[in-house]
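Peer 1: pasting the sequence and the predicted coordinates here, then a few questions.
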Amino acid sequence: MPTITVAGVAVEVTEDGFFAEPAQWTEYMIPELAAREGIADPSEEQLRVVKFMRAEYARTGSGPNVRALSKTAGISIKDLYRVFPGGPAKVAARIAGIPKPRGCI
Amino acid sequence: MTAPIQKVSIIISKGSLEGIYPGLIMANGARAEGIEVNLFFTFFGLDAIHAKRQEHVKVATVGNPGLHLATWAGGLPGVSSLMTHYLERKMGDLDIPSIPEFVEMIADTGAGIYACKASVDLFALEKNDFIPQVQDIITVGEFYAMAAGGHIIFT
């Protein structure tokens, strides 16, 4: 598994860039992880989604898919894709240091 | 690692519940991966974007061996509605959206929604027969131009 250095910490990630050990994540890593996704300065909306993904992971053990994210966070699908054109749940999960959300919807 | 898929064009040509959902799921799933998507509805698949028909799409209960229901039984009045109702309830339990909601959601993800001109002409339909998310009625040539550089999935 590849290792990346984020905020001075060596972090193991999966082939597609998700944290192997979500416990290694801290909020201080957000700016660097966002930069890896091409987001130079995360907006309040983007941070809100990332923190929500993290909280949902802590609560349920997995990150929500886009539909569940939209419903539970109260952010429209349109807005989610506007702030994360690369796939809201996928990109936000990488920044939130959680595994890739699974599910087909 | 092989290069990731950047773009897909998905054709939905069937008008049954089981004919429409797979294409919608593929489209929505592609957008969730950040893949560019265009959805092209043709022939009976047009029912999925027809404003008055999209709520009434049914499971094919005749000539559908996968259903494990005798063909004669599938043809009895009301069986198709009953089976559709049953499947819709099961899908609701799994939080799978209804066809109208799903199409709207996919449009909101930024996917393009198009109707096939030949089929629209064949069924004597017009742009205003469709839901507002339909961006345009296009020819097969326009479809290929739009699909250039990506993968085409026919369902």
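Peer 2: Done, it's in.

Peer 1: can you pull the contacts of residue A:46?
Peer 2: By CB atoms under 8 Å, 6 or more residues apart in numbering or on different chains, the residues touching residue A:46 are A:34, A:39, A:83, A:84, A:92, A:95. For glycine as for every other residue, the C-beta is placed from the backbone atoms N, C-alpha and C.

Peer 1: around chain B, pick out the residues from chain A.
Peer 2: Residues of chain A found near chain B (CB under 8 Å from any CB of the partner chain) are A:15, A:65-68, A:76-78, A:81, A:85-91, A:104-105.

Peer 1: which of these fall in helices?
Peer 2: Here DSSP state H is the test, and the residues of chain A next to chain B give A:66, A:67, A:68, A:77, A:78, A:81, A:88, A:89, A:90, A:91 as lying in helices.

Peer 1: can I get the residues you listed in a markdown table including pLDDT and neighbour count?
Peer 2: What follows is these, written out as a markdown table (pLDDT from 0 to 100; neighbours: other CB atoms under 10 Å in any protein chain shown):
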| residue | pLDDT | neighbour count |
| --- | --- | --- |
| A:66 | 93 | 26 |
| A:67 | 93 | 22 |
| A:68 | 91 | 18 |
| A:77 | 96 | 22 |
| A:78 | 96 | 13 |
| A:81 | 96 | 21 |
| A:88 | 95 | 30 |
| A:89 | 94 | 25 |
| A:90 | 94 | 21 |
| A:91 | 96 | 25 |
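
Peer 1: spatially, which two of those are the most separated?
Peer 2: Greatest spatial distance among these (CB to CB): A:78 and A:90, at 17.1 Å.

Peer 1: show me which residues of chain B sit near chain A.
Peer 2: Neighbours of chain A within chain B, by CB under 8 Å from any CB: B:1, B:25, B:28-29, B:31-34, B:94-97, B:105, B:108-110.

Peer 1: residue A:56: which of these is nearest?
Peer 2: Using CB to CB, the residues of chain B next to chain A come closest to residue A:56 at residue B:95, 14.4 Å.

Peer 1: understood, closing this out.
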